[in-house]
Every structure is written in C-alpha cells, then in structure tokens.
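Chemist: what's the 3D shape of this:
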Amino acid sequence: MASTKKDKNTPSAEEQAPKIEGKKPRESTYTADNIQILEGLQAVRKRPSMYIGSTSAKGLHHLVYEVIDNSIDEALVGYCDTVKVVILPGNLITVIDNGRGIPVDIHPTHKSSALEIVMTKLHAGGKFDNNSYKISGGLHGVGVSVVNALSEWLDVEVRRDGFIYHQKYERGVPITAVTVIGKSKKSGTKITFKPDHEIFEILEYNFDILSKRLRELAFLNRGVNVLIVDERPVAEGLNPKEHNFLYKGGIESFVEYLNERKIPVNKKPVYMIKEKDDTVVEVALQYNDGYDETLFSYANNINTIEGGSHLSGFKSALTRAVNDYAKKNNIIRGDKFTLTGDDVREGLTAVISVKVKNPQFEGQTKTKLGNSDVEGIVKSVVGESLAEFFEENPQETKKIIEKAVGAYTAREAARKAKVLARRKGALDSGSLPGKLADCSERDPDHCEIFLVEGDSAGGSAKQARDRRFQAILPLKGKIINVEKARLDKVLANDEIRTLITALDTGIGKDDMDITKIRYKKVIIMTDADVDGAHIRTLLLTFFFRQMRQIIESGFLYIAQPPLYRVKKGKIEKYIHMEKELDSYLFDIGLGDAKLIRISDKKEYSKDQFRSLVEDLNILNRMTDKFERMGLNMKTYFTQRAKSYDGMTIWRVVKDGEEYY
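Modeler: Got it, this is the predicted structure:
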C-alpha cells in the first residue's frame, strides 16, 4: 500500500496553486439580507415573461385568453353557453359569461372571500379539484390572478345566489372589499381590466388575432355562443366591429370551414367522438381535391402546434386503416406497394381534439402533448371508427384510397424527376443558374439574395446592390401555384428549378437540408402593385409548402418598396404609407402659414391649424366616397335636423325623391 505520509519537502496544495496577480477581491456582501422573498403576485410583476411568455403583443393577447379560459371551463362542465368579449376605447377588455359565477363565500382555511383568493393568489381555483372541473383548459395557463397582477386596474362583478358582488384591484392589490352592489336573477362573471403600461411594450389589441382564437374556441365547444365586439371605432364616429361565433356542428363545422374553397372528396366530414379511460377523443376529417394536408390538433382547447401523442396516434391509425381496407378489398393487390402516411394524408383536412384529465405539455413552446397513454387511446378510437366508416361507405372510401394511390404514383414520379434533374445538373449547386448575379462572399451568415420580378427589375437591382454580399435572382413572370400542383409538376417549372439550385438546400420534408443554404437572408422584392402582391403570394406559398425550414429558421424576408417619391427642390423623400404621405405634405404645405380669425384677429396655434386642415382632408375624402355612393354632399350640408341642432343622420330615397 502506498504511504500517505506527507514529505516535508512537498509543498501544500495551497502553496502549489498559481498566484493570481491583480486587485484584491472585495469582501463578499452576499448575506441573508440579499435573499428576497417575492410575496403573492409580486413575482408575476417582477418576471412577467415566466407566466405569460412575453411582454410583447403575444403576452398582451394572452391576458384575454386566460380570462376566456375560465368561461370556457364553465362551458365544458355545462354551466355556460355564452361568452362575450368587448374591446373598449383605451384598449380596455371586458369578458362576460353566464356561468355559475366565481364563488364569493368565505374560504374555510384562508378566512377571506373565495373571489379575492382566486383573484390574488397564484394556483388558486376550482381546476385542481376534480369535483368542480373534471377537465380544464385553464390549467395549462396561469389563471386570472396573473391577469390581475399585470393590469393597471381590474374590476370584477359576480352574479350569484341572487346578488351582484363587486371588487376592484390595482396592480393585483384589492382596493375595495367584496361588496353587494345589487340584485340579479342571472348568474355569471364580468371582468374588465386595463393592461399595465409599466409591464407591456405594446397596449393595442388586434381585433383579428382575438377573433381567430374566439372562432377556434366556438368550433371546439359545440353550441357555445362566443361574441367579440370592438367598440374602439365608435370614438371615431364609426360603427363597432363585431363577430358572433356559434357552431352547432362543432369541429365538423371547423373542417368544413377549412375546406370552404376546396372541392371535397367525401361530401360530409367523417366524425367520431368517444370517451375511453377518462380521455375524450373527438375527430373530424374530410378529404379535398388539393395536395396538402391541413391538420389541427388540440388538447383541452389548447392548440398543440408542435403536435404530440394524440396527433401521432391519429396519423398511425389513419395509415393502418387505409392500407388494411385497400388490401382487404384488393384495391392494392398483394405486396406491390404500401401507402405511406404522406400518401394517405394528401388532401386531408382534419381536426383532432382530446380532453385529458391531467395534460402534460412539452416542447419549446409548451404546445406538445406529452401524455404517452393518449397515443394508444386515440389510435384505438380512430382505428375502430374509420374501419366502421370504410365498411359502411364503400364508394367514398374507394375515392379516398384512389387519391392516396395517386399520391403514391406522383411521389414516385417526383422522385424520378429529382434523380433525372440531378443527373442533368438542374438541381446541382455545381452549376449555378446563368441569370443569378451571385455575390463574392461565401459565408451564408453574411449573404443575401433578392428575388425580383423579371430582367428589367433585375438590371436595376444589380446596379444598386453591394456585390460583396448581395445576390440578385430575376424570376420571369409568375411561378407555378404549388398549392394546386403535385411535386412532379412543380419540379418541371424552370423558375422553381432555378430557385432551388440557387439556394442549394433541396426541397420537401425528406430531401431538404437547411444547413446547405447559400444565403441566410432570402428577400422577396416585388413591385408595390397587384401583380407584385400576387407574385409575392405565390413565392410565399412555395416556401411554406416545399421549403418551410427557411421560414422557420427566420431566413425569409419581404422587402417593402416605397409607394411614393416626393420631390421638392433638390430634396427627395421616399414614402411607404399614405398616412405618412399626408403628414409630409402637410409639413411642406403649411410651412410658416398662419391661421387668423378676421373678426377679432385671433391667431390659432400651429397644432390647432394643422388639426383643422387634417379634419378638412378627412372630410374631403369622405365627400368623394359618399358621392360615389350617390349622395350629393352639397345637398346634404344644406339640410339640418329640425328636432335638434345638428346634421341629419338618415337619407331616404322613395319614388326617386330624397328625404333627409
């Protein structure tokens, strides 16, 4: 055994350590005093992104979703059939439902109103108790208490047990007690809040973004009436914008909506719903004459963008069911070939919705369902239901399988076309397209390629570019619409082949290699007119369908050429928007001009003068618009209402006569 006795001449570990010259470190001040405990909703205000993802527009809209989730959870258990969202002037939000109303009685443990606990405590609510909510969408989120914490103020009214209860909060802190403010025979909850400007980078709600999510919820929850009203236009004298979503067909209606502009193969969507092992599986699917698959998957009303076990189970069951029926009925003879998942999903539109007791979400954005048992449940339910549908509907099933066989044939033709094209060098980066004006830089991180309309635009772009890192690829005319063409036809298009060769990534799910891309900025630069917009749309469709990784990697850009050029003397200015043009023309036109009232020589301020001119400009445009509709504005301005001092608001035409 080696001796452990220390030699006198051996230096200690401390002595052997290298001596670091420099400043003497400051004395540590890291003590118990440095440990902060963030109580209640303080943590939410300190780190909002941990709870709502971001403080940008996405997080702002997420606040609304959190409040709506509570209402939808009431609908899931059958106590609510109407949810209304109102965007008020100043970007306030009101959400109203006719559910049971948040409980207001005193909590047995915390000795305060249940309403106040729900609104001010994290992870407080009925969704952790299976007796109240067996299935909940809100559990994936963070609850209404986080909305309260991130609002400048929040106002809640509860109709319950014959009374109306009210409480108000500022930045998550109650400023009033829960009080009775009236009586009501109805039940439900009304929450109004104002997002906090100290938290959010942007405070303006997008009506279309909210409408899209509310439409989705109405589809997923059959029979629930979901309304959205935008009252902000009222402040400008316009009518409010509103949508009313009510779909008695549920996700069947969703599939029909997605296939609205397509020709269906099976007239009615195939629909199935079944509960198994505390999991509800609901699926609707319909084939169309297109060539792309459109699959939407949801778990507890949450859009699982990254898929998950329920989507895997559906895909597996569909592929097996189609192959089994095709071979059993000799549509595919012997082992000649087997249809792949891509073959059987060509032209398929499907919505897969599961309701899971305890969902586990994974993935980068927490939008992938991770419950492994759900895959087997979905596979079983879908497999049995499809087998039953195929047996009962042989004619429609034959069309579906013939479409899948056609997809297989086209896939083989496309594979052969790729091989042939590579042999000829059409998809080989070794021979770049002749019309590509390449750049000298070879590092993709520093390279840009501009896709421009035709040779004339290409010539101008080549003159203006920096040839060190900017490449120009002119595309002749409008490329093929890949949405309506199979891959073999797409590859036969000269402009598409030129583009594929220039980028050098290959195309499609199997052959594309994003690491080979030659330019990490692919910029679509078309004219600011209708034709330019059409070409841009065709290119975007191509990238989305065949080179989606370029979009997902953040390499695709759209150049926005200016609409106007204003020249005054030697000064030139390029302008992108009409509003910007108006503003610039006002700056030039007004200059040092003054507005003076003749009667008393009063001089108006520059802001007042400009405001008046802007109003006159709006009035002038409205006059043009109304006169195109047949309303004579000169006649209109001479009319005044007799009952009150103001302009008339109605125009009636009867027997050729006008009445104001």
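Chemist: three-state assignment of His166?
Modeler: His166 falls in the strand class when you classify it by DSSP: H, G, I helix; E, B strand; the rest coil.
Chemist: Count the residues that sit near the residue nearest to it when sequence neighbours are not counted.
Modeler: Spatial nearest neighbour of His166, excluding adjacent residues (Cβ to Cβ, 6 or more residues apart in numbering): Ile181 at 4.6 Å. Where you see a C-beta, it was placed from the backbone N, CA and C, and this is true even at glycine. When neighbours are defined as other Cβ atoms under 10 Å, Ile181 has 11 of them.
Chemist: Next: the one 4 residues further on.
Modeler: Here the count is done by other Cβ under 10 Å, and Lys185 has 6 residues near it.
Chemist: Quick check: phi and psi on it?
Modeler: Phi and psi for Lys185, reported as degrees, to the nearest 10, are phi -80, psi -10.
Chemist: That one: what's it in contact with?
Modeler: Applying Cβ atoms under 8 Å, 6 or more residues apart in numbering to Lys185 gives the contacts Gly162.
Chemist: ok, 10 Å please
Modeler: Counting by Cβ atoms under 10 Å, 6 or more residues apart in numbering, Lys185 touches 159, 162.
Chemist: I'd like the distance between it and Leu318.
Modeler: 49 Å (Cβ to Cβ, to the nearest Å).
Chemist: Output the contacting helices and strands for the helix or strand the residue nearest to His166 falls within.
Modeler: Using DSSP states H and E, Ile181 sits in strand 179-183. Under the contact definition 3 or more Cβ pairs under 10 Å, 6 or more residues apart in numbering; DSSP states H and E, strand 179-183 sits against strand 151-160, strand 163-170.
Chemist: mind listing what's buried in the last one?
Modeler: So the one you mean is strand 163-170. 164-167, 169 (16 or more other Cβ atoms under 10 Å).
Chemist: could I get those residues as CSV with distance to Ser211 and pLDDT?
Modeler: What follows is those, written out as CSV (distance: Cβ to Cβ, whole Å; pLDDT from 0 to 100):
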residue, distance to Ser211, pLDDT
Ile164, 29, 95
Tyr165, 31, 95
His166, 29, 95
Gln167, 30, 95
Tyr169, 28, 94
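Chemist: for the residues you listed, which one is nearest Glu256?
Modeler: For the buried residues of strand 163-170, the minimum distance to Glu256 (Cβ to Cβ) is 40.5 Å, reached by Ile164.
Chemist: residues touching that closest one, list them.
Modeler: Applying Cβ under 10 Å, 6+ apart to Ile164 gives the contacts 101, 157-158, 179-184, 186, 190.
Chemist: Could I get the contacting residues of Asp196?
Modeler: 45, 48, 55, 63, 149-153, 170-172, 203.
Chemist: Now list the buried members of these.
Modeler: 45, 48, 55, 63, 149-153, 171-172.
Chemist: Between all of the residues you listed, which two are at the greatest distance?
Modeler: Pairwise distances across those peak at 18.0 Å for Thr55 and Trp153 (criterion: Cβ to Cβ).
Chemist: returning to that earlier point: so which of the contacts of Ile164 is the most crowded?
Modeler: Val158 (26 neighbours).
Chemist: That one reaches Ile96, doesn't it?
Modeler: No - with contact defined as Cβ atoms under 10 Å, Val158 does not count as touching Ile96 (11.3 Å).
Chemist: Find residues that contact each of these two.
Modeler: Common neighbours of Val158 and Ile96 (criterion: Cβ under 10 Å, 6+ apart): 188-191.
Chemist: Quick one: the strands in the stretch 301-450 of the chain, in order.
Modeler: Ranges of strands within the stretch 301-450 of the chain are 302-303, 348-355, 361-362, 368-369, 448-453, based on DSSP state E, counting those that start in this stretch.
Chemist: any chance of those strands in CSV, plus mean pLDDT and mean neighbour count?
Modeler: What follows is these, written out as CSV (pLDDT from 0 to 100; neighbours: other Cβ atoms under 10 Å):
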stretch, mean pLDDT, mean neighbour count
strand 302-303, 91, 17
strand 348-355, 96, 25
strand 361-362, 84, 17
strand 368-369, 91, 24
strand 448-453, 93, 23
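Chemist: Let me have these in a markdown table, adding distance to Lys478 as columns.
Modeler: Listed next are the strands of the stretch 301-450 of the chain as a markdown table, based on distance: least, Cβ to Cβ, whole Å:
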| stretch | distance to Lys478 |
| --- | --- |
| strand 302-303 | 33 |
| strand 348-355 | 26 |
| strand 361-362 | 42 |
| strand 368-369 | 38 |
| strand 448-453 | 9 |
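Chemist: between those strands, which one is nearest to Tyr659?
Modeler: Judging the strands of the stretch 301-450 of the chain by Cβ to Cβ, what sits closest to Tyr659 is strand 348-355, at 51.1 Å.
Chemist: now for the closest one, which elements pack on it?
Modeler: Counting by 3+ Cβ pairs under 10 Å, 6+ apart, the packing neighbours recorded for strand 348-355 are helix 207-220, helix 251-258, strand 270-276, strand 279-287, strand 294-299, helix 309-328, helix 372-392, helix 394-424.
Chemist: now for the first one, which elements pack on it?
Modeler: When you say that, I think you mean helix 207-220. Partner elements for helix 207-220 (3+ Cβ pairs under 10 Å, 6+ apart): helix 57-76, strand 82-88, strand 225-230, strand 241-245, helix 251-258, strand 294-299, strand 302-303, strand 348-355.
Chemist: May I have the strand holding Ile181 as CSV, with CA atoms only?
Modeler: Taking C-alpha atoms only, strand 179-183 is exported to CSV below (Å, rounded to 0.1, in the frame of the first residue of the first chain):
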residue,chain,number,x,y,z
THR,A,179,-69.4,44.2,-1.6
VAL,A,180,-73.0,43.6,-2.8
ILE,A,181,-74.0,46.3,-5.3
GLY,A,182,-77.3,45.0,-6.5
LYS,A,183,-79.6,42.1,-7.1
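Chemist: Please determine how far the residue nearest the centre of the chain is located from Glu216.
Modeler: Nearest to the geometric centre of the chain sits Ile209, at 6.7 Å (Cα atoms, centre = their mean). Distance, Ile209 to Glu216, using Cβ to Cβ: 11 Å.
Chemist: Identify the residues contacting the closest residue to Cys439 other than its chain neighbours.
Modeler: Nearest residue to Cys439, sequence neighbours excluded (Cβ to Cβ, 6+ apart): Ala471, at 4.6 Å. For Ala471, the contact set (Cβ under 10 Å, 6+ apart) comprises 432, 436-441, 447-451, 461-462, 465, 502, 518-519, 521-523.
Chemist: so Ala471, which of the three states?
Modeler: Ala471 is classified as strand under three-state DSSP.
Chemist: which residues does it form a beta bridge with?
Modeler: Counting by DSSP bridges, Ala471 is bridged to Ile449.
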